[in-house]
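A.B. asks: Below are the sequence and a predicted model for it; my questions follow.
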Amino acid sequence: MIRIVIDTNVYVSALVFGGNPGLTLRLVEAKRIQLATTEAIRAELEEILTVKFGWASDRVRLACEVIWETAEWIRPGKIRGGSRDPGDDHVLACTGWLTGRAAT
């Protein structure tokens, strides 16, 4: 099965606008793709939906419930190197964990 890590902006696009990102989440929900995520990604998404889009906490919980229930939860270490945007390091750390490139 394909394992993927989704950046927060893709989650937002999927949940707010639909389109191809929405299709990706439907494939995750149908267990055609295995989603890997972290608590940092979860917290970032829930904060953006609440603060930027004004969603109530119940709406956020309901929208994300199936996603989080089907996800593989990763506890990545620090990444080697880092990205041009240090705010994305937690996403790269999750991806590195999946590919075996995470720092030990």
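C.D. replies: Arrived safely, thanks for sending.
A.B. asks: any weak-confidence spans in this protein?
C.D. replies: 76-104 (pLDDT under 70).
A.B. asks: Helices of that one, start to end?
C.D. replies: Remark: helices assigned in the chain by DSSP state H are 8-12, 19-29, 39-51, 57-70, 89-99.
A.B. asks: Spit out the contact partners of G19.
C.D. replies: Shown in contact with G19 (C-beta atoms under 8 Å, 6 or more residues apart in numbering): S13. C-beta: built from backbone N, CA, C; applies to glycine.
A.B. asks: Pull up the gap between it and W68, please.
C.D. replies: 21 Å (C-beta to C-beta, to the nearest Å).
A.B. asks: Which positions in stretch 12-29 come out as buried?
C.D. replies: The neighbour-count check on stretch 12-29 (16 or more other C-beta atoms under 10 Å) flags 12-16, 21, 24-25, 28 as buried.
A.B. asks: and which of those residues is nearest L62?
C.D. replies: The shortest approach to L62 among these belongs to L15, at 10.6 Å (C-beta to C-beta).
A.B. asks: Which one of the helices of the chain lies nearest to I2?
C.D. replies: helix 19-29 (8.9 Å).
A.B. asks: CA atoms only for that closest one, dumped as PDB, please.
C.D. replies: The C-alpha trace of helix 19-29 is given here as PDB (Å, rounded to 0.1, in the frame of the first residue of the first chain):
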ATOM      1  CA  GLY A  19     -10.900  19.200  -5.600                       C
ATOM      2  CA  ASN A  20      -7.900  16.800  -6.000                       C
ATOM      3  CA  PRO A  21      -6.800  17.200  -2.400                       C
ATOM      4  CA  GLY A  22     -10.300  16.100  -1.300                       C
ATOM      5  CA  LEU A  23     -10.000  13.100  -3.600                       C
ATOM      6  CA  THR A  24      -6.800  12.200  -1.800                       C
ATOM      7  CA  LEU A  25      -8.500  12.300   1.600                       C
ATOM      8  CA  ARG A  26     -11.300  10.100   0.200                       C
ATOM      9  CA  LEU A  27      -8.700   7.600  -0.800                       C
ATOM     10  CA  VAL A  28      -7.300   7.700   2.700                       C
ATOM     11  CA  GLU A  29     -10.800   7.200   4.200                       C
END
